[in-house]
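In: Below are the sequence and a predicted model; questions follow.
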Amino acid sequence: DRLDLAIARFHLQTPEAALAELDQIAAADRKGDYYLLRAQLLDARGKIQEAVDALNRGIRTAPTRPDLYLQATGFLLKHKLNHEALDLLEQASRILPDARELLLAQAVTLELLLRGIDAQKLLARMQARWPEWDRLKSAEARQTLETAIALGANTPEAYYYQALAITHAAPDDLDAAQNAIAHALALTSKDPYVYLLAGKIALTKKDYSTAIGRLLEATRLQPTLVPAHYALRDAYKAVGEDQKSAAELDEIKRIANDNPADDKNPFSAQDFLFSVH
């Protein structure tokens, strides 16, 4: 059909050629997918406001399609319109209160806005509403994050959560997890939890040299980060560095005595996204 032809022209020719193909579609046949593609083409031409208008028209033609809201959210995140993305998702959730993927996307967007407490509360409400959903599906979280990243949510938090979701949803897909955490590392050099996860992924891959380097950086950034010391103990033990492994255990005991409160990942939604009981 003409939508497929327009997509082909976009990839093989130009956005202008694809738009010309779209214009051949009769007004009565212009539904949600038409406006979604039109928005993507206008975005490719740098016509941001026209693209927004097309997305709005698409949602009006199909207000009960969750995927349209998710695509629109990704577009807004791509252009750093995070507050607008949150407004859209809140509106969508009022129209589609049973669409869990929209609520999960809303929680992710709250995290990107550094509103971790609000994200926690939202995810807790989801857990209370769907008690049979004993943990929020890591696979759904991974899909939501990958969609957001593909459409422009280029933040270390997004890549951190993507890597974390992969380790839960597909623990054998170490290359994908490594790729995601590498993106997070490229965007931040100051977050110990990013280095901790990078180290743990490398440790699972038996890349002990890289694992030790990442974990040492995590403990340099946050000396009391007990999980990093545990992982270092295992890494040193794996390479036969028994003295260093024992020293890490001693350090863990010292930290436990000096700091009875557990270290807490500031990316607060992690506990809800992957550890709801």
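Out: All right, it came through fine.

In: List the buried residues in the longest helix along the chain.
Out: Secondary structure assigned by DSSP state H gives helix 242-258 as the longest helix of the chain. Along helix 242-258, these residues count as buried under the neighbour rule (16 or more other C-beta atoms under 10 Å): 245, 248, 251, 252, 255. Bear in mind the C-beta positions are built from the backbone N, C-alpha and C, glycine included.

In: Contacts for it, please.
Out: For helix 242-258, contacts defined as C-beta atoms under 8 Å, 6 or more residues apart in numbering pick out 223, 224, 226, 229, 230, 232, 233, 234, 236, 237.

In: any idea how far residue 226 is from the residue of the chain positioned farthest from its centre?
Out: The outermost residue of the chain relative to its centre, with distances by C-alpha atoms, centre = their mean, is residue 243 at 38.5 Å. According to C-beta to C-beta, to the nearest Å, residue 243 and residue 226 sit 20 Å apart.

In: C-terminal to the helix or strand that contains residue 70, what's the next element?
Out: For residue 70, the host element (DSSP states H and E) is helix 66-78. For helix 66-78, the succeeding helix or strand toward the C-terminus, using DSSP H and E, is helix 82-95.

In: Residue 38 is in contact with residue 54, isn't it?
Out: Yes. At 4.4 Å, residue 38 and residue 54 qualify as touching, with contact defined as C-beta atoms under 8 Å.

In: and residue 110, how many residues sit next to it?
Out: 22 (other C-beta atoms under 10 Å).

In: cool, residue 11 as well?
Out: Neighbours of residue 11 using other C-beta under 10 Å come to 9.

In: Now do it, the pLDDT please.
Out: At residue 11, the model reports a pLDDT of 82.

In: helices or strands up against whichever strand or helix holds residue 209?
Out: Using DSSP H and E, residue 209 sits within helix 208-221. Here helix 208-221 touches helix 192-204, helix 226-238, going by 3 or more C-beta pairs under 8 Å, 6 or more residues apart in numbering; DSSP states H and E.

In: Now do the last one and helix 208-221, the angle between them.
Out: Translated: helix 226-238. Angle, helix 226-238 to helix 208-221, by axes from the mean of the first three to the mean of the last three C-alpha atoms, to 10 degrees: 150 degrees.

In: from here on, count from 29
Out: In the new count, where the first residue is 29, that last one comes out as helix 254-266.

In: Wait, residue 141 touches residue 110, no?
Out: Yes. The pair residue 141 / residue 110 is scored as a contact, 5.3 Å apart, by C-beta under 8 Å.

In: Of the two, give the one with the bigger neighbour count.
Out: Per other C-beta under 10 Å, whichever of residue 141 and residue 110 has more neighbours is residue 110, with 19 against 14.

In: OK, contacts around the more buried one?
Out: 104, 137, 140, 141.

In: now the residue farthest from the centre of the chain: how far from residue 231?
Out: 19 Å.

In: Report the helix or strand with the lowest average pLDDT across the protein.
Out: helix 298-302 (a mean of 33; mean pLDDT, DSSP states H and E).
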